[in-house]
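**Q** Structure of the sequence below:
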Amino acid sequence: MDFKQKILSGQINDARFSKITAVVGVIVGYEDIFSINSTLLPMLDKLNGSVVDDLQFASISDIEAIGSAIDQKLNIIELLQKKVASPAERQWSIATLFHKDMDHRNSVLDQAFDEFIIKMGVPGFAGKSV
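**A** Sure, this is the predicted structure:
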């Protein structure tokens, strides 16, 4: 039995997993390959059928978009579940999907930028991140 099935069947003795009703597998890579879902998912579908319906690939930009969505209190679980259930959106990058529903600002990154600029000795640039 795989980890996903153990979570869904309640076989994982960890309170953090006690209310989980759905699992979306995400494989994260360092490089920004924006077409990775549209390239690899059709190949996996052809090889494995519906076994990988809920699998997604993500890049660093996708993880940043997820962080921004969390920061903006968007329901990332609903967005990901809707994404994997939609034949059209399933192959989009996660960032593409999330960016249509959110403000592009990320307060965590903005704060880190400001702290870095101040440490570098150029406080006049604080608050000017892109």
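
**Q** Low-confidence ranges, the chain, go.
**A** The chain contains residues with pLDDT under 70 at 1, 50-51, 103-105, 123, 125-130.

**Q** what about the strands in it?
**A** In the chain, the strands defined using DSSP state E lie at 25-28, 55-58.

**Q** For the last one, enumerate the helices and strands it packs against.
**A** Yep, that's strand 55-58 we're talking about. Applying 3 or more CB pairs under 8 Å, 6 or more residues apart in numbering; DSSP states H and E, one finds that strand 55-58 makes contact with strand 25-28, helix 36-48, helix 76-85. Using the backbone N, CA and C atoms, a C-beta is placed for each residue, glycine as well.

**Q** what does the first one give?
**A** Helices and strands in packing contact with strand 25-28 are listed as strand 55-58; criterion 3+ CB pairs under 8 Å, 6+ apart.

**Q** Need the residues that contact the strand it packs on.
**A** With contacts defined as CB atoms under 8 Å, 6 or more residues apart in numbering, strand 55-58 is touched by 24-29, 33, 36-37, 40-41, 44, 66, 80, 83-84, 90, 93-94.

**Q** quick revisit: tell me the most buried of the helices and strands packed on strand 55-58?
**A** helix 76-85 (a mean of 16; mean count of other CB atoms under 10 Å).

**Q** elements contacting that one?
**A** strand 55-58, helix 60-71, helix 94-99.

**Q** so which of those gets nearest Phe116?
**A** Checking those against Phe116 by CB to CB gives helix 60-71 as the closest, at 16.2 Å.

**Q** and the angle for that closest one with helix 36-48?
**A** 100 degrees (axes from the mean of the first three to the mean of the last three CA atoms, to 10 degrees).

**Q** dump the residue contacts of Val26.
**A** Applying CB under 8 Å, 6+ apart, the residues near Val26 are 55-58, 94.

**Q** related to what we said a few turns ago, could I get the helices and strands packed on helix 76-85 as a markdown table with distance to Asp114 and mean neighbour count?
**A** Putting these into a markdown table (distance: least, CB to CB, whole Å; neighbours: other CB atoms under 10 Å) gives the following:
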| stretch | distance to Asp114 | mean neighbour count |
| --- | --- | --- |
| strand 55-58 | 27 | 21 |
| helix 60-71 | 15 | 18 |
| helix 94-99 | 23 | 20 |
